[in-house]
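Undergrad: Whatever this is, show me its structure:
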Amino acid sequence: MNEEQGDINLKIRLLLMQLREAENSEGESPYTLMFGRYLRTRLDALMKPVQEKTETVTTPYKGNCFNVDDRVQVRNYTNNKKWEFGTEKKREGLMHYVVTLDDGREWRRHVDQVRLTHYRADT
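TA: Numbering: from 1, shown residues only. Down below sits the predicted model:
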């Protein structure tokens, strides 16, 4: 090491990195035993991780599921009245509903902005 040219601090850092990566008698590196994960090296940065492909399964939303013609209240963002009442007209996708309000307007709202209600409209 004395005969090689270069910065001594760099050589010390490389030596320490190699020591931290080296496996001991337990088959694990000291870094892995201490921190519970593998040390990321330059070689790891160059190589793409090999991961098994996992298929995402789309499951229906299990939270607030409403049926057509359910009486609901929907969030109103246009004025001080926070909630409007209406009936669900249809479901669009997994998380959106089209609601017909009592005054005839139709609003499309996310499931988080719709609540089931037992309030009946005056007819």
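Undergrad: CA atoms for contacts and neighbours, from now on please.
TA: Fine.
Undergrad: Hmm, Tyr97 and His110 touching each other?
TA: Yes - counting by Cα atoms under 8 Å, His110 does reach Tyr97; the two are 6.4 Å apart.
Undergrad: who's more crowded, these two?
TA: Tyr97 (24 against 14; other Cα atoms under 10 Å).
Undergrad: helices or strands next to the strand or helix carrying the more buried one in the packing?
TA: Here Tyr97 sits within strand 96-101, counting by DSSP states H and E. When contacts are defined as 3 or more Cα pairs under 8 Å, 6 or more residues apart in numbering; DSSP states H and E, strand 96-101 packs onto strand 83-92, strand 106-110.
Undergrad: What residues of the last one count as buried?
TA: It stands for strand 106-110. Neighbour-count burial for strand 106-110, counted by 16 or more other Cα atoms under 10 Å, picks out 107-109.
Undergrad: Over to the longest one?
TA: Within strand 83-92, the residues that count as buried by 16+ other Cα under 10 Å are 83, 85-91.
Undergrad: contacting residues around Arg75?
TA: 82-84, 109, 113-114 (Cα atoms under 8 Å, 6 or more residues apart in numbering).
Undergrad: these two touch, right, Arg115 and Asn67?
TA: No - between Arg115 and Asn67 there is no contact under Cα under 8 Å: 11.9 Å.
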